[in-house]
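Chemist: need the 3D shape of this:
(chains A and B)
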Amino acid sequence: MAYDVVIIGGGPGGYNAAIRAGQLGLKVACVESRKTLGGTCLNVGCIPSKALLHASEMYEKARLHFGDLGIKAKVDLDLGQMHKQKDSTVETLTKGIAFLFKKNKVEHISGHGKIIKPGVVEVTDHDGKTQTLEAKSIIIATGSEPTPLPGLEFDEKRIVSSTGALDFPKVPKHLVVVGAGVIGLELGSVWRRLGAEVTVVEFLDRILPGMDSEVAKQFKRILEKQGIAFRLGAKVTGATTTKSAVTLSVEPAKGGETEEIKCDAVLVAIGRRPFTANLGLEDVGVKTDDRGFVLTDHYKTNVEGIYALGDVTHGPMLAHKAEDEGVACIERIAGKPGHMNYDLIPSVVYTDPEVAAVGKTEDELKEAGITYKVGKFPFMANSRAKANHETDGFVKILADAETDRVLGAHIVGTGAGEMIAEVVAVMEFGGASEDIARTCHAHPTKSEAVRQAAMGVEGWTMQM
Amino acid sequence: MTEIVVPQLGESVTEATVATWHKQAGDAVKKDEVLVELETDKVSLEVSARADGALKEIVANEGDTVEVGALLGHLEEGASGAASKSEDTSEAAQAKQDDAKATTEQKAKEPATVGASSGGSSQHLSPAPQRVVSEHKLDPSQIQGTGKDGRITKGDALKALESGLTVATPAASPERETGPREERVKMTRLRQTIARRLKDAQNTAAMLTTFNEVDLGAVMELRKHYKDSFQKRHGVKLGFMGFFTKACVAALQELPAINAEIDGKDIIYKNHYDIGIAVGTEKGLVVPVVRDCDRLSLAEIEKGISEMGRKARDGDLSLDDMQGGTFTITNGGVYGSLMSTPILNAPQSGILGMHKIQERPMAVNGQVEIRPMMYLALSYDHRIVDGKEAVTFLVRVKELLEDPARLVMDV
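Modeler: Numbering: from 1, shown residues only, chains lettered A, B, ... in the order given. Here you go, the predicted structure:
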């Protein structure tokens, strides 16, 4: 019997599409090649990294800051247990998705999915057995994989991707992170806290490309204060790996003398690329661009009945972007007006302090010639942050100079990822900085800093 | 307990204003006793008790706008209550009602600060647009929203403010302070309706007025001659209005456009002649309609007019009495007017203005004679009535009145 929808990929895009399809009464199957559901996000991405980020943050707090708070404790690292608690979280959550599938009558088919022709997916299971599924609609939600750096092939021991960096059995003495993006800075922070010397090598002359440059500059200063070393405007040209060490050749991006950096592990985090291997795209004629991204128009590929969403398509490679696309895509397949707002996808760096952003950066506004006003407020002046000894960072709100409509928000600070949600909601409703400024915020909370920054847009910040 | 509700008000009338409560909560009432008076666009009407009992509760206070079927109050049937209740209770009830009234008034006076103050239907504003709207007294219903689901953003409010289009709508504008020698009185609903309808007519029709004059000597002769026998036979005085109505109907039959109305891109010609007679009353101008004047005798028309006049003066006109006229006659002459340009009673296309009869020297067959003359005015909607038709109409009315035999001869 034919399915209404067969989804290839059980990550955030795929599994949310599957659940939504089930809710709307469509007959749906989700094909996943991993044994567990949840994709990169749950298995080797967002979730395990957050488990390590939280644990390592606690470790560092206990080690360095308990004394300030009047707590005396002797702290030892048990890395094995730290990995175990991470794995157990991952396991619980992946099982949770399996449960949600049952609840919403989604059929989970384990194996590698390949599109044979429009309307037909062939699944090869882990034992090599194949079956074919017929579907009115096929959704490609196969996600992405780490981009390797030529000359530094992943062995996941010495030269690792984000996946390997989640599983170091021992804290490396010196970890070099290639790429100062979100993943590099998060995992770099984890291992620095656990005792590694961390050097970040970045080709560009700034960290967090794409983020607001003022935020990036301040955040870099904070990370340096924490002990991370940066080599900006530098490229890795080669690596020599021995049993116990890696020697990297690094030279300035603009050219110049090569220098060697010795370390015992390298995390290559220069980005991710769409994962479409052995998916059958060429055979059925699904168009991709020269970097391998599947080209879509409102989730439709150029082949009738084949859709694509998430990391395998254009746009930010974020779980929540894929999730929303999964819902919108299924709603469209079901004949409903599925929609998502691509201008308001928040992004968060889960370090400590966190960095969170939504909407336009100041750089983008300048570039576009939009006249805007800025309101800023440092956590140093926020009472709760002060009480918690979490005073690093600030809030920056950007609003249209004429209409006061909020155009962007950028937060560096502990809990920034949660605080940004308020601004996203206001922006989704076309709200003004004054809307935030005139909304009651609980005291004492860090969210008051958001309000004070919003007041600053029109020059009436009250607590500074 | 019986609900007291707003009764059917007549076709196309859906709401009324509570004018006066004749009873207070707690009062004893008899069956058919008037409880409350309502005012609508067209008439005021009374709501009476359906049974003996006591007025338990007043829900709609004086000044409130109520829709057909809305709850006005509760009547407790058979309750002796009221009369036997002590003065105190009754006073308390009175006080309570006053309180309620005060609250309502206070609410009404507040500028439209909260979007919701004008009723549940207005949308909720977020804090920034709310501030802009309140500060500058904008009417949110006039602002085009561009936010999610059409919500008004601060930018929308600022834009509206800048465009100046929605600043201080009459409803939201603060009341002018009245001086020590001034008195502010709320316009009755009837007055508001008159004002609105007159202005609507002016704004809609291409209105202009043509004049003529008529020698009423012949009509006066007839009146003098048949006055007594007419009254004896028909029980009604032989006046001028019957002649004028007859003359108008004859002229309208000849010139159907003046008895027609515009409806969108069409013209509706009416093959019935229902003549509205404007009557001034204490409360304002009302225009009851005498139906099928083409089929009525002179005496029947006179009877109809006098009956309507009585009803108007006594406030007994029903809505049906005032609906559906096809042409109107107004007589400013009773107040001494020599000449006027009446405003159309929309959607009608013509209105005849009668004036004072005045003896004037006229040239008759080369001789100067003193004749009882009246100026006639016809205001008409030039969109569907041509000048020729309008002028011909007045000429025909003049001819018929100067030689009433024509009315009989149909020439």
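Chemist: shaky segments in the stretch 101-250 of chain B?
Modeler: By pLDDT under 70, the low-scoring segments of the stretch 101-250 of chain B are B:101-123, B:165-174.
Chemist: so how far is A:I159 from the residue in the stretch 201-350 of chain B that chain A sits nearest to?
Modeler: Nearest residue of the stretch 201-350 of chain B to chain A, counting by C-beta to the nearest C-beta: B:G264, 34.9 Å away. (C-beta placed from N, C-alpha, C; glycine too.) Look at B:G264 and A:I159: by C-beta to C-beta, to the nearest Å, they are 80 Å apart.
Chemist: who's more crowded, the two?
Modeler: Each of B:G264 and A:I159 has its neighbours counted (other C-beta atoms under 10 Å in any protein chain shown); A:I159 has more, 23 against 6.
Chemist: so who does the more buried one touch?
Modeler: Residues near A:I159 by C-beta atoms under 8 Å, 6 or more residues apart in numbering or on different chains: A:152-153, A:239, A:241, A:246, A:265-266, A:268.
Chemist: test my guess that B:N212 contacts B:R396.
Modeler: No - between B:N212 and B:R396 there is no contact under C-beta atoms under 8 Å: 9.9 Å.
Chemist: name the residue in those two with the higher neighbour count.
Modeler: Using other C-beta under 10 Å as the criterion, B:N212 and B:R396 rank with B:R396 on top: 20 against 16.
Chemist: quick one: pLDDT of that one?
Modeler: Looking at B:R396, its pLDDT stands at 96.
Chemist: what's the helix or strand for the closest residue to it other than its chain neighbours?
Modeler: Excluding the flanking residues, the one nearest B:R396 by C-beta to C-beta, 6 or more residues apart in numbering or on different chains is B:A251, at 4.0 Å. For B:A251, the element it lies in under DSSP states H and E is helix B:241-254.
Chemist: how much space between the residue of the stretch 201-350 of chain B closest to chain A and B:P347?
Modeler: Taken as C-beta to C-beta, the span from B:G264 to B:P347 is 11 Å.
Chemist: close to chain A: what parts of the stretch 151-300 of chain B are there?
Modeler: Contact residues, the stretch 151-300 of chain B versus chain A (C-beta under 8 Å from any C-beta of the partner chain): B:151, B:153-155, B:158-159.
Chemist: ok, and the most crowded of these?
Modeler: Among those, B:K154 has the most neighbours (other C-beta under 10 Å), with 29 neighbours.
Chemist: quick one, what contacts B:A70?
Modeler: B:5-6, B:60.
Chemist: for chain A, see how far away it is.
Modeler: Relative to chain A, B:A70 is positioned 35 Å away (C-beta to the nearest C-beta, to the nearest Å).
Chemist: confidence score at that residue?
Modeler: 85.
Chemist: with B:L38 instead?
Modeler: pLDDT recorded at B:L38 is 85.
Chemist: and what of the one 3 residues further on?
Modeler: The per-residue pLDDT reported for B:D41 equals 72.
Chemist: now do the contacts for it.
Modeler: Counted by C-beta under 8 Å, 6+ apart, B:D41 has contacts B:13, B:189-190, B:193.
Chemist: hang on, it in a strand?
Modeler: No - looking at B:D41 with DSSP: H, G, I helix; E, B strand; the rest coil, it is coil, so not inside a strand.
Chemist: for chain A, which helix is longest?
Modeler: Counting by DSSP state H, the longest helix found in chain A is helix A:79-103.
Chemist: buried ones in the next helix or strand after it?
Modeler: The C-terminal neighbour of helix A:79-103 among helices and strands, as given by DSSP H and E, is strand A:106-110. For strand A:106-110, a neighbour-count test (16 or more other C-beta atoms under 10 Å in any protein chain shown) marks A:106-110 as buried.
Chemist: what is the nearest of those residues to chain B?
Modeler: Closest to chain B, out of all of the buried residues of strand A:106-110 and judged by C-beta to the nearest C-beta, is A:V106, at 30.7 Å.
Chemist: which one's the longest strand in the chain?
Modeler: I'll assume chain A. strand A:130-140 (DSSP state E).
Chemist: correction: the question concerned chain B.
Modeler: strand B:367-381.
Chemist: any idea of the angle that one forms with helix B:241-254?
Modeler: On the basis of axes from the mean of the first three to the mean of the last three C-alpha atoms, to 10 degrees, strand B:367-381 is oriented at 60 degrees to helix B:241-254.
Chemist: put the alpha carbons of stretch B:51-61 into PDB.
Modeler: The C-alpha atoms that make up stretch B:51-61 are tabulated as PDB, following Å, rounded to 0.1, in the frame of the first residue of the first chain:
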ATOM      1  CA  ALA B  51     -48.000  41.400  33.500                       C
ATOM      2  CA  ASP B  52     -48.500  42.800  37.000                       C
ATOM      3  CA  GLY B  53     -45.500  42.500  39.100                       C
ATOM      4  CA  ALA B  54     -42.400  44.400  40.100                       C
ATOM      5  CA  LEU B  55     -39.500  45.800  38.200                       C
ATOM      6  CA  LYS B  56     -36.700  43.600  39.600                       C
ATOM      7  CA  GLU B  57     -33.700  45.000  37.800                       C
ATOM      8  CA  ILE B  58     -32.600  47.500  35.200                       C
ATOM      9  CA  VAL B  59     -29.900  46.200  32.900                       C
ATOM     10  CA  ALA B  60     -29.800  48.800  30.200                       C
ATOM     11  CA  ASN B  61     -29.400  52.300  31.600                       C
END
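Chemist: helices along the stretch 251-400 of chain B, start to end?
Modeler: B:298-314, B:319-322, B:387-402 (DSSP state H, counting those that start in this stretch).
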